[in-house]
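K.L.:
Sequence and computational prediction follow.
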2 protein chains.
Amino acid sequence: MDLKPATESSGAARPETPLVSTRGLLLKEAEVLLRTRGYAAFSYADLSARVGIRKASIHHHFRTKEELGVALIDAYLVEFEAALAEILKDEPQALPRLRRYAAFFTGSLQDGMMPLCGALSAEAFALPASMQQRVRHFFELHLDWLEGVLRDGVTERALRADLDVRRAAAMVLSVLEGASLVAWALKDDAAMEPAFEQAVSSLKA
Amino acid sequence: MDLKPATESSGAARPETPLVSTRGLLLKEAEVLLRTRGYAAFSYADLSARVGIRKASIHHHFRTKEELGVALIDAYLVEFEAALAEILKDEPQALPRLRRYAAFFTGSLQDGMMPLCGALSAEAFALPASMQQRVRHFFELHLDWLEGVLRDGVTERALRADLDVRRAAAMVLSVLEGASLVAWALKDDAAMEPAFEQAVSSLKA
DNA sequence: ACAGGCAAACCTACTAGTAGGTAGGGTCAA
DNA sequence: TTGACCCTACCTACTAGTAGGTTTGCCTGT
């Protein structure tokens, strides 16, 4: 169904990998559903309607819903780690790094979605163990990255010398996840950035 | 099934309201399910198993799941408003008031539950409209109350004179909801209170 | 160069199980 | 005798997942 731009000009080009793989489409649409409705509240029927293949065909790519969920988080995690690394490369200073980090959360909301792990956390207890484990790993990744950024900020004297970087990292992550949650429920993200800036002001030297 | 302590000593006492009404039990157990699994992921079957009446009998008390959900939030809201009023009565100062407020969130986690509206917010989009509306109202109640406490804190000179109280209120709510979410996913609430204190330190005079 | 094999990808048609909800009847206290 | 409360038995809609067949295109042997 229209995935290939025209019916054929066969011969010349490499034919194998399509521009967007069905698997990739499934992951993308499943992510949208997960980040708007939650894991329990989205179904293979929803997903099949969005992607344009039959429900049963999803099972060809992901044997179970759990496997889809796990693949989804794993794919997201890879992208996210790359994005975090890029921030470190682009921005030398702690405060601009934190603002770029915060932009992930504000950007999600502007796209009409919850942050992935924020969406998953609330129903963590009802999730398959393999997914719970990945959500935990994801948060620990955030906390480790933030801790590093904050530590650099202290040595660079942009942040308070007496800062407990682990606790401060937990605070930054919390305020952004929480602000996302509140903004999502209120359908109003105006308060997100100010809340973040207010919280970060407690870290400054 | 044992709801009434003994078979009867009829006559003397007012017999009408049993010590724990089935309706009350349903609300209580539904709240636990909602705050641990989420709205979509708990069922009338789960609830009936916990309360000890048949699934169909739940419909005698709550015609629909939505009606149960609404009643649950409304009941919670009444209790919560009373608790907030009591803080204002007991504690004259802003910072102790905020700490008592934060204790609602840490207390929830220690009881093994998410805060009610934190649990609901993530799947807000998938909720019936009547419940979405009440979640919004609940957050606005929080924000209004916090705003008042912070404003008093400013006049009492415990908090910074230049504080934007509305933004600061959003920050306090966010950090607590977010810290709950992270603690819930990590199954570790040790970082909650430090994160809160760190955030609040940005408000102090 | 063409036949045959093969596997990826998708389909229709189905399953068992569970979701929320309904119909109607029994019990018992006021 | 009414009505609150709870029951058994049932309904329809939908869930994730399965069985088995069709299409498509690449790879290989002759």
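P.N.:
Happy to help now that I have it.
K.L.:
Which single residue in chain A comes nearest to chain B?
P.N.:
Residue nearest to chain B within chain A: A:Gly178 (2.7 Å; Cβ to the nearest Cβ). Using the backbone N, CA and C atoms, a C-beta is placed for each residue, glycine as well.
K.L.:
I'd say that residue and B:Gly178 touch.
P.N.:
Yes: assessed by Cβ atoms under 8 Å, A:Gly178 is found in contact with B:Gly178 at 2.7 Å.
K.L.:
Within range of DNA strand D, give me the residues from chain A.
P.N.:
Within chain A, the positions near DNA strand D by Cβ under 7 Å from any atom of the strand are A:15-16, A:42-46, A:55-56, A:59, A:63-66.
K.L.:
rerun at 10 Å
P.N.:
Residues of chain A lying close to DNA strand D (Cβ under 10 Å from any atom of the strand) are A:4, A:7-8, A:10, A:14-16, A:33, A:39-49, A:54-60, A:62-69, A:128.
K.L.:
Now do the contacts for the residue most central in space within chain A.
P.N.:
Centroid check for chain A by Cα atoms, centre = their mean gives A:Leu116 as the closest residue, at 4.4 Å. Listed by Cβ atoms under 8 Å, 6 or more residues apart in numbering or on different chains, the contact set of A:Leu116 reads A:31, A:34-35, A:73, A:76, A:138.
K.L.:
Select from those residues every entry located in helices.
P.N.:
Under the assignment DSSP state H, these contribute A:31, A:34-35, A:73, A:76, A:138 to helices.
K.L.:
sorry, back to before: so among the residues of chain A next to DNA strand D, which ones count as buried?
P.N.:
Buried members of those, scored by 16 or more other Cβ atoms under 10 Å in any protein chain shown, are A:33, A:39-42, A:44, A:46-48, A:58, A:62, A:65, A:68-69.
K.L.:
These also near chain B: which ones?
P.N.:
A:40-41 (Cβ under 8 Å from any Cβ of the partner chain).
K.L.:
just the buried ones among the residues of chain A next to DNA strand D now: which is nearest DNA strand C?
P.N.:
For these, the minimum distance to DNA strand C (Cβ to the nearest atom of the strand) is 7.2 Å, reached by A:Ser48.
K.L.:
which element is the closest one on?
P.N.:
Secondary structure assigned from DSSP states H and E places A:Ser48 in helix A:44-51.
K.L.:
picking up where we left off before, number of residues surrounding the residue of chain A closest to chain B?
P.N.:
Residues contacting A:Gly178 under the criterion other Cβ atoms under 10 Å in any protein chain shown number 33.
K.L.:
show me the residues around it that make contact.
P.N.:
By Cβ under 8 Å, 6+ apart, the contact set of A:Gly178 is B:173-181.
K.L.:
please redo it, this time with the cut-off set to 7 Å
P.N.:
For A:Gly178, the contact set (Cβ atoms under 7 Å, 6 or more residues apart in numbering or on different chains) comprises B:174-179, B:181.
K.L.:
give me phi/psi at the nearest residue to A:Lys204 once chain neighbours are set aside?
P.N.:
The shortest distance from A:Lys204 to any non-neighbouring residue, by Cβ to Cβ, 6 or more residues apart in numbering or on different chains, is to A:Leu159 (6.3 Å). As for A:Leu159, its main-chain torsions (degrees, to the nearest 10) stand at phi -120, psi 160.
K.L.:
quick one: contacts for A:Leu159?
P.N.:
With the criterion set at Cβ under 7 Å, 6+ apart, A:Leu159 makes contact with A:94, A:150, A:153, A:203-205.
K.L.:
Which residues of chain A lie near chain B?
P.N.:
A:36-38, A:40-41, A:114, A:118-119, A:121-126, A:135-136, A:139, A:167-168, A:170-171, A:173-179, A:181-182, A:184-186, A:191, A:194-195, A:198-199, A:201-202 (Cβ under 7 Å from any Cβ of the partner chain).
K.L.:
Show only the entries of those residues found in helices.
P.N.:
A:36-37, A:118-119, A:121-122, A:135-136, A:139, A:167-168, A:170-171, A:173-179, A:181-182, A:184-186, A:194-195, A:198-199.
K.L.:
Please identify the buried residues of the helix or strand where A:Val154 lies?
P.N.:
Using DSSP H and E, the element containing A:Val154 is helix A:129-155. For helix A:129-155, a neighbour-count test (16+ other Cβ under 10 Å) marks A:131-132, A:134-136, A:138-139, A:142-143, A:145-154 as buried.
K.L.:
avg pLDDT for it?
P.N.:
For helix A:129-155, the mean pLDDT works out to 97.
K.L.:
before we move on, what about stretch A:173-191?
P.N.:
For stretch A:173-191, the per-residue pLDDT averages 97.
K.L.:
related to what we said a few turns ago, closest to DNA strand D among the contacts of A:Gly178?
P.N.:
B:Leu181 (23.4 Å).
K.L.:
Excluding residues flanking it in the chain, which one is nearest the closest one?
P.N.:
Once flanking residues are discounted, B:Leu181 sits nearest to A:Ser121: 4.6 Å by Cβ to Cβ, 6+ apart.
K.L.:
Pull the number of nearby residues for the one you found.
P.N.:
Around A:Ser121 there are 31 other residues, counting by other Cβ under 10 Å.
K.L.:
neighbours of the nearest residue to A:Arg37 once chain neighbours are set aside, just the number please.
P.N.:
In space, and not counting its chain neighbours, A:Arg37 is closest to B:Ala126: 4.2 Å by Cβ to Cβ, 6+ apart. For B:Ala126, the neighbour count with other Cβ under 10 Å is 18.
K.L.:
same thing with A:Ala179?
P.N.:
A:Ala179 has 30 neighbours, counted by other Cβ under 10 Å.
K.L.:
if I pick it, what's in contact with it?
P.N.:
Going by Cβ under 7 Å, 6+ apart, A:Ala179 touches A:191-192, A:195-196, B:174, B:178.
K.L.:
Now for the closest residue to A:Arg50 other than its chain neighbours, which secondary structure element holds it?
P.N.:
Nearest non-adjacent residue to A:Arg50, counting by Cβ to Cβ, 6+ apart: A:Glu29, 4.4 Å away. Using DSSP H and E, A:Glu29 sits in helix A:22-37.
K.L.:
gap between that helix and the chain center?
P.N.:
Taking Cα atoms, centre = their mean, to the nearest Å, one finds the center of helix A:22-37 at 12 Å from the center of the full chain.
K.L.:
so it versus helix A:44-51, what angle?
P.N.:
Going by axes from the mean of the first three to the mean of the last three Cα atoms, to 10 degrees, helix A:22-37 is angled at 120 degrees with respect to helix A:44-51.
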